[in-house]
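**Q** prediction below, plus the sequence it came from.
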Amino acid sequence: MKNRAMDTERSDAAIDDEGRAEQIAAAASLKPLFHPQSIAVIGASRDKSSIGGRLFNNIINADFNGPVYPVNPRASIVRSIHSYASVKEIPGPVDLAFIVVPSRFVNDVVRECGEKGVRGVVVITAGFSEAGAEGAALEAELLDIVRGAGMRMVGPNCMGLQNTDPDVSLDGQFGPVMPRRGNVSMSSQSGALGLAILDYATEMHLGISTFVSVGNKPDVAGDDLLLFWEEDPNTDVILLYLESFGNPRRFSRIARRIAKKKPIIAVKSGRTLAGARAATSHTGSLANLDVAVDALFRQAGVIRVGTLEELFDVTALLASQPAPKGRRVGVVTNAGGPAILAVDALVSQGLEVPELSDGLQEKLRRFLSDTAAVSNPVDMIAAAGPEEYRASIETLLASDEVDSLITLFIPASEDGVAETATAIREAGEAAPSDKTFVCVYLQSGGAPSELASPDVGFPTFAFPERAAKALRKAATYAEWLARPEGRIVAFDDIDASRARAVVQDAVAGFDEEGDWLDPGAVGTVLKSYGITVPRAEVVTSIDDAVAFGKNLGGPIVLKVISPSAIHKSDVGGVALDVSGAAAIESAYERVTGAVADSEGVLVQEFVEGGHEVLIGMVEDPTFGPLIVFGLGGIFVELIGDVAFRIHPLTDVDADEMVSEVKSARLLEGYRGGEPGDIEAVVETLLRVSALIEDLPEIIEMDLNPVKVGTPGAGVRIVDARIKVRQTKS
Ligand code: ADP
Ligand code: MG
């Protein structure tokens, strides 16, 4: 691509050093929360049904590896343990304090913790920022106390935390479940949901390393936990249940680094922007909070799941198996119907079920009966026993024709189930490290213990569809891992000062809401950034229109300029392909007559043919600028086949935006259609990103349509709107 200059990003080494320092600091400060030497429970209650009672009992019952001190001014003994009236009376040091007192006492108690030298607090008590203005003020004061004392805080308004490491054995929450030990760590923004997840994780044979209910999270939030888990040897997979982001940019930066080492799986409730403002651009009406979250996760390599079921399935897969190296899946089964369902599910997930080579089919044929099908799926038929399963699994896993293998087992009777399950387990656990192995056991009673215990080295799903979905999510993650880093491209032919002057001049006349630039200014801004627009001029008389039309030579386009006509063609304000003075005159009358508030006419050269695409941008208040690409011109909202990314775009992001949009295949010359200049589209996306970077005044932009010429012919933006607003500084 032309005009690409140096990489403007700082060197990777500098970023690594900064990330490393941040990681070390966060991990050290959170250590007292996860690895305390001693614990106080302030508000430990003798009433076993109260929250303070349940929490205290959980800590005792889990055999925490250190002293636990109940603090309760109204009881001298709690559960046979001497209790203290205040944390300050505890004779030994206290690393971590759980706070379960009424909200009006919390701040005093936490202040005492600071004085005592406590290093971490978990505030279970509710009644803070979630409960209105008064609570928010209390929470702000609480945070000040915590920060002033150099402590870290989980909560307030949370369920607590757990660490299953046997050296710690901390069940610091008031729910009923202490999960089995495992390599999955989890943060939940909803306490109740966190509990449900723990409960279900146990049922799904998933082991947990640490669990944190973050509550209102004014201090310890998802970002800090990610940094802690980044180097935590007990954590291989990270789960996040998110309702909101503190600082999406920080989250994105941290997650992007950590996802390279450990999979991060997130459920984010997909609420759309509350009371989304009346959108007056195509981009504005396409954008909502959910596309922003999607873009953020995708760019950061975070695996987004839509349901809790998917959360467990993907987690179960990645907690025990490598992410698939590619999309090719083999299927082994003892029944045809379920295998067809599996293949349908795999294909609809975008995975491939390749035909096996003759050589491989021959190998399978050696030990399978004549009636077995040895293509893919490999249907060993109902008579298949342990040896057929073992040999088929081993043969497929040893081949280089599939990246992952789904083994379906549908027991025809109870006879031999244990033997077959054992064979599947042994063969599956012996899978080479570059193959992904999963099992599907299709029976309402659930999988037999040979396949269902927490130490089985692969997941067993109840349905083929769930296995297929999990495989796809994991494959997409592996593709993200393998994709090149990407670079932010700088262009050396940009006239930034000219564009800035035009924007600042316009903004000076607008109120704080901002407004749309006039067509002349839009043209100048785009041209300054090397974004190609047709030759055009704004005219206010028929004579000037005719004169400019003559000057342009070929056929022209006339468009009315009117504040009321947001979509000009909707009101008959656009005349296309006009030639000759007489036609120009009548077109001029027609387009200006279409509105009551005509301010003139934009005369443009007519751009013949070409695909029409949309490139747009809208600023999200929390996520920053979002950039969108799609096909379809005025039908773009209807079709909804668009790709969003968060600014800034790397070259890889821009390439992916185009390849991700299904209808963009039209630009490749689909079915004999005219191919388009994809490279020029990608370049325009990058130039738009450069423009947005330099001019933070731009809050919304619609380039619709961008006319895409044949390869090499470039693109032309025939309609553009740019909204600007004074930046707050
Ligand atoms: P609006 O979006 O406000 O209705 P446009 O300027 O996008 O108005 O024009 C409407 C349609 O007319 C475009 O989507 C495009 O198909 C076509 N069009 C506009 N300008 C040109 C041009 N200069 N050359 C060729 N076609 C054009
Ligand atoms: Mg348009």
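**A** Okay, I see it. Ligands and ions are numbered 1, 2, ... in the order given.

**Q** so residue 684 sits against residue 615, correct?
**A** Yes - the criterion here is C-beta atoms under 8 Å, and residue 684 meets it with residue 615 at 6.0 Å. Every residue, glycine included, has its C-beta placed from N, CA and C.

**Q** what do these two both touch?
**A** Residues touching both residue 684 and residue 615 by C-beta atoms under 8 Å, 6 or more residues apart in numbering: 703, 706.

**Q** count of residues packed around residue 479?
**A** Residue 479 is flanked by 15 other residues according to other C-beta atoms under 10 Å.

**Q** tell me the helix or strand right after the helix or strand containing it.
**A** Here residue 479 sits within helix 464-482, counting by DSSP states H and E. Downstream of helix 464-482, the first helix or strand assigned by DSSP H and E is strand 489-491.

**Q** what strands line up against that next one, and which way round?
**A** strand 4-7 (antiparallel) (DSSP bridges).

**Q** where does whichever residue of the stretch 601-729 of the chain sits closest to ligand 2 land on pLDDT?
**A** Closest contact between the stretch 601-729 of the chain and ligand 2, by C-beta to the ion, is at residue 719 (3.5 Å). Per-residue pLDDT puts residue 719 at 95.

**Q** pretty sure it contacts residue 707?
**A** No - contact criterion C-beta under 8 Å: residue 719 and residue 707 do not qualify, at 9.4 Å.

**Q** next, residue 330: phi, psi?
**A** When read as degrees, to the nearest 10, the backbone of residue 330 gives phi -100, psi 150.

**Q** repeat that for the one 5 residues further on.
**A** The phi and psi torsions at residue 335 (degrees, to the nearest 10) take the values phi -150, psi 140.

**Q** got it, and the one 4 residues further on?
**A** The phi and psi torsions at residue 339 (degrees, to the nearest 10) take the values phi -70, psi -40.

**Q** count of residues packed around it?
**A** With other C-beta under 10 Å as criterion, residue 339 counts 24.

**Q** so who does it touch?
**A** Per C-beta under 8 Å, 6+ apart, neighbours of residue 339: 331, 333, 377, 379, 408, 464.

**Q** just give the number of residues close to the third one.
**A** Counted with other C-beta under 10 Å, the burial measure for residue 377 works out to 23 neighbours.

**Q** try the second one
**A** Using other C-beta under 10 Å, residue 333 has 29 neighbouring residues.

**Q** what residues are bridge-paired with it?
**A** residue 379.

**Q** could you check how far the residue of the stretch 601-729 of the chain closest to ligand 2 is from residue 608?
**A** Here residue 719 is placed at a distance of 16 Å from residue 608 (C-beta to C-beta, to the nearest Å).

**Q** out of those two, which sits in the more crowded spot?
**A** Neighbour comparison, residue 719 and residue 608: the larger count goes to residue 719, with 25 against 10 (by other C-beta under 10 Å).

**Q** contacts only, for the more buried one.
**A** So residue 719 contacts 559, 568, 702, 703, 704, 705 (C-beta under 8 Å, 6+ apart).

**Q** my guess is the second one contacts residue 557, does it?
**A** No - Residue 568 sits out of contact with residue 557 when judged by C-beta under 8 Å, with a separation of 10.6 Å.

**Q** quick one: common contacting residues for those two?
**A** residue 574.

**Q** show me where pLDDT drops low in this structure?
**A** The model of the chain has pLDDT under 70 over residues 1-16, 269-289, 633-635, 638-639, 729.

**Q** spell out which residues of it are next to ligand 1.
**A** Residues of the chain lying close to ligand 1 (C-beta under 6 Å from any ligand atom) are 534, 557, 559, 567-570, 574, 576, 604, 606-607, 612, 633-634, 705, 718-719.

**Q** these in helices, which ones?
**A** Counting by DSSP state H, none of the members of the residues of the chain next to ligand 1 fall within helices.

**Q** with respect to residue 295, which of the contacts of residue 339 is nearest?
**A** residue 464 (30.6 Å; C-beta to C-beta).

**Q** tell me the contacts of the closest one?
**A** By C-beta under 8 Å, 6+ apart, residue 464 lies in contact with 338, 339, 341, 342, 345, 406, 408, 440, 442.

**Q** returning to what we had before: buried subset of the residues of the chain next to ligand 1 as a PyMOL selection?
**A** Here is the PyMOL command that selects the buried residues among those (16 or more other C-beta atoms under 10 Å):
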select buried, resi 534+557+559+568+574+604+606+607+612+633+705+718+719
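
**Q** check the gap between the residue of the chain most remote from its centre and residue 553 for me.
**A** Computed with C-alpha atoms, centre = their mean, the residue of the chain farthest from its C-alpha average is residue 582, at 56.2 Å. Note on residue 582: its distance to residue 553, by C-beta to C-beta, is 17 Å.

**Q** who are the contact partners of residue 514?
**A** Counting by C-beta under 8 Å, 6+ apart, residue 514 touches 507, 697, 699, 723, 724, 725, 726.

**Q** now with 6 Å, please.
**A** Counting by C-beta atoms under 6 Å, 6 or more residues apart in numbering, residue 514 touches 699, 723, 724, 725.

**Q** residue contacts, the third one?
**A** It stands for residue 724. Contacts of residue 724 by C-beta under 6 Å, 6+ apart are 503, 507, 514, 697, 698.

**Q** report the secondary structure state of the second one.
**A** Spelled out, that is residue 507. Judged by DSSP: H, G, I helix; E, B strand; the rest coil, the three-state class of residue 507 is helix.

**Q** and it, how many neighbours does it have?
**A** Neighbour tally, residue 507, other C-beta under 10 Å: 18.

**Q** just to check, it is in contact with residue 726?
**A** Yes - counting by C-beta atoms under 6 Å, residue 726 is a contact partner of residue 507 at 5.2 Å.

**Q** which non-adjacent residue is nearest residue 244?
**A** Once flanking residues are discounted, residue 244 sits nearest to residue 189: 7.2 Å by C-beta to C-beta, 6 or more residues apart in numbering.

**Q** hmm, residue 243 and the one you found touching each other?
**A** Yes - using C-beta under 6 Å, residue 189 is in contact with residue 243, at 4.5 Å.

**Q** okay, those two: which has more neighbours?
**A** Remark: of residue 189 and residue 243, residue 189 carries more neighbours, 22 against 14, as counted by other C-beta under 10 Å.

**Q** can you name the residues that contact that one?
**A** So residue 189 contacts 214, 241, 242, 243 (C-beta under 6 Å, 6+ apart).

**Q** please pick the buried ones from those residues.
**A** For the contacts of residue 189, buried by 16+ other C-beta under 10 Å: 214, 241, 242.

**Q** confirm that the second one sits in a helix.
**A** No - the assignment for residue 241 by three-state DSSP gives strand, which leaves it out of any helix.

**Q** now do the same contact list for it.
**A** Residue 241 neighbours (C-beta under 6 Å, 6+ apart): 188, 189, 193, 267.

**Q** mark out where each domain of the chain begins and ends.
**A** With domains defined by automatic domain parsing, the chain comprises 35-157, 322-458, 535-606, 611-724.
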